[in-house]
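Participant: I would like the atomic coordinates for the input below:
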Amino acid sequence: MNEVITTQKAPQAIGPYSQARMTGSYLFCSGQTPLDPQTGTLVTGGIKAQATQVMENIKQILIAAQLDFNDVVKTTVFITSMDNFSAVNEIYSRYFVDKLPARSCVAVAGLPKEALVEIELIACNNHN
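Facilitator: Numbers count the residues shown, from 1 in each chain. Model (predicted):
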């Protein structure tokens with residue numbers, strides 16, 4: 001199986017890529033930024049609001065792939081300032097509770113649409 005995963009409940013890709021791809025048991029989710037899926041605009045309210053929107057976007061993609069946060073095995077978090085590390089962790093920990101994925105977090109010079117945070121992930125479907 002090599003399937004494109006897409007949902008209207010998460011922002012549409014803003015370039016030549018898929019929201020996610022499922023290949024075999026693995027889901028590879030493109031980096032999710034804090035775009036409101038209804039308007040396509042960046043959410044306001046600072047880093048916590050943006051991190052929450054990113055996690056909600058990820059949640060919808062996982063649902064579309066018939067997965068959940070416990071299936072996530074690896075995340076990469078991109079933030080524009082390490083000053084936001086604790087705030088992102090606070091939001092992140094509300095979604096990843098039981099089976100914590102491996103993770104990398106890096107500060108970057110900039111993100112699309114001037115977002116403060118972006119998260120990509122790999123999940124594995126072990127339900128079969």
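Participant: the closest residue to Asn84 other than its chain neighbours and Arg94: what is the separation?
Facilitator: Using Cβ to Cβ, 6 or more residues apart in numbering and skipping the chain neighbours, the partner closest in space to Asn84 is Ile47 (4.4 Å). Placement of C-beta: from N, CA and C, glycine included. Counting by Cβ to Cβ, to the nearest Å, the gap from Ile47 to Arg94 is 14 Å.
Participant: so the two - more neighbours on which side?
Facilitator: More crowded of Ile47 and Arg94, by other Cβ atoms under 10 Å: Ile47, with 21 against 11.
Participant: for the more buried one, give me phi and psi.
Facilitator: phi -60, psi -40 (degrees, to the nearest 10).
Participant: now do the strands in the chain.
Facilitator: With DSSP state E, the ranges of strands along the chain come out as 2-5, 20-23, 26-32, 72-79, 102-107, 117-124.
Participant: partner strands of the second one, with direction?
Facilitator: For strand 20-23, the paired strands and their directions (DSSP bridges) read strand 2-5 (antiparallel), strand 26-32 (antiparallel).
Participant: per-residue pLDDT of the closest residue to Gln53 other than its chain neighbours, please?
Facilitator: Residue nearest to Gln53 in three dimensions, not counting chain neighbours: Pro34, with 3.9 Å by Cβ to Cβ, 6+ apart. For Pro34, the model assigns a pLDDT of 98.
Participant: gap between Pro34 and Gln66?
Facilitator: 24 Å.
Participant: check Val106 too.
Facilitator: Taking Cβ to Cβ, one finds Val106 at 30 Å from Gln66.
Participant: of the two, who's got more company?
Facilitator: Shown here are Val106 and Gln66; by other Cβ under 10 Å, Gln66 has more neighbours (12 against 9).
Participant: buried deepest among the strands of the chain, which one?
Facilitator: Greatest average neighbour count among the strands of the chain goes to strand 117-124 (a mean of 22), per mean count of other Cβ atoms under 10 Å.
Participant: so which other helices or strands are in contact with that strand?
Facilitator: strand 26-32, helix 47-64, strand 72-79 (3 or more Cβ pairs under 8 Å, 6 or more residues apart in numbering; DSSP states H and E).
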